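Asker: Predicted model follows, preceded by the sequence.
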Amino acid sequence: MRDHTFKRMLFGLFLIILTVIVYLSPKGINEEEVYAHIHEVVYTVEGLYGSHEKSNGKFYNSRITDIEDVKKLLGPFMNNQATNKVINEIFDLKDNQLIYNDCFQEYLIGVRENQFSSHPYGDFYAIIQNSILNPALKLLLYDELRIIEDGEYIIAKGDNMLVQFYDEDNGSYHYERLGYPPKEEICVEFRFIKENGQLVLIDYEIEGNAFVSL
């Protein structure tokens with residue numbers, strides 16, 4: 001009798017613990033919120049490359065001149081770790097001013113020297129292919145991403161996602177002159193945490209590969 005009562009007490013305690021765990025567990029992932037956050041990030045970072053000016057032989061963005069400008073722009077979407085990664089992909093710091101890194105410097109010099117030429121300005125695609133500036137990110141079907149929880153992290157991941165920049169038969173002057181392939185397979189991973197109920201991007205990986213039809 002006592003054993004039976006003891007077992008019932010243990011079972012009751014188990015149910016109480018299980019109820020508490022379920023109550024305190026995450027209520028699921030809001031996938032639409034994840035998609036919207038990625039969309040905001042991808043379109044916001046575009047503002048980091050533009051408004052080109054040249055001073056002391058170096059090109060820079062006249063609207064983004066120091067690290068605080070970048071943090072102000074990206075702060076609503078990501079933490080310092082992710083922000084610093086974006087900065088390192090695009091800029092160098094010289095005399096407390098952000099200038100474009102060497103790859104962008106060489107590209108912009110080529111553009112200025114050939115601005116009245118009909119020849120391609122350079123392989124811009126190669127510079128931004130594996131960065132947050134890759135425009136393939138704007139063409140992804142976000143609902144094809146896998147959204148998973150891994151402890152405190154929320155991860156959006158996609159492997160070999162096919163993006164078409166232009167029709168191979170008809171071509172596209174805009175994309176071709178910048179070195180873009182007709183199609184690209186892109187692998188992406190965005191890693192988030194929740195802070196005060198809001199998604200915060202803490203890291204990302206972008207890997208693009210020109211797609212070759214067999």
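Answerer: Sure, I can see it.

Asker: residue closest to the middle of this structure?
Answerer: In the chain, the residue lying closest to the centroid (C-alpha atoms, centre = their mean) is Ile132, at 4.6 Å.

Asker: How many residues are close by the closest residue to that one other than its chain neighbours?
Answerer: Once flanking residues are discounted, Ile132 sits nearest to Val45: 5.1 Å by C-beta to C-beta, 6 or more residues apart in numbering. C-betas here are computed from N, CA, C, even on glycine. Neighbour count for Val45, taken as other C-beta atoms under 10 Å: 21.

Asker: Relative to Pro76, how far out is Val45?
Answerer: 12 Å (C-beta to C-beta, to the nearest Å).

Asker: on that earlier part again, contacting residues around the residue nearest to the centre of the chain?
Answerer: Ile132 makes contact with Val41, Val42, Val45, Lys85, Val86, Glu89, Tyr204, Ile206 under the criterion C-beta atoms under 8 Å, 6 or more residues apart in numbering.

Asker: So the third one, which state does it fall into?
Answerer: Recorded secondary structure, Val45: helix (DSSP: H, G, I helix; E, B strand; the rest coil).

Asker: CA atoms only for stretch 33-52, dumped as CSV, please.
Answerer: The C-alpha trace of stretch 33-52 is given here as CSV (Å, rounded to 0.1, in the frame of the first residue of the first chain):
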residue,chain,number,x,y,z
GLU,A,33,9.7,37.3,-37.9
VAL,A,34,12.9,35.5,-38.9
TYR,A,35,12.3,36.1,-42.6
ALA,A,36,11.4,39.8,-42.0
HIS,A,37,14.6,40.3,-40.0
ILE,A,38,16.8,38.8,-42.7
HIS,A,39,15.1,41.0,-45.2
GLU,A,40,15.7,44.1,-43.1
VAL,A,41,19.4,43.2,-42.7
VAL,A,42,20.0,42.5,-46.4
TYR,A,43,18.4,45.8,-47.6
THR,A,44,19.9,47.9,-44.8
VAL,A,45,23.6,46.9,-45.4
GLU,A,46,23.2,48.1,-49.0
GLY,A,47,23.6,51.6,-47.6
LEU,A,48,27.2,50.9,-46.6
TYR,A,49,28.4,50.8,-50.1
GLY,A,50,27.4,53.9,-52.0
SER,A,51,27.7,57.7,-52.1
HIS,A,52,31.3,57.3,-53.2
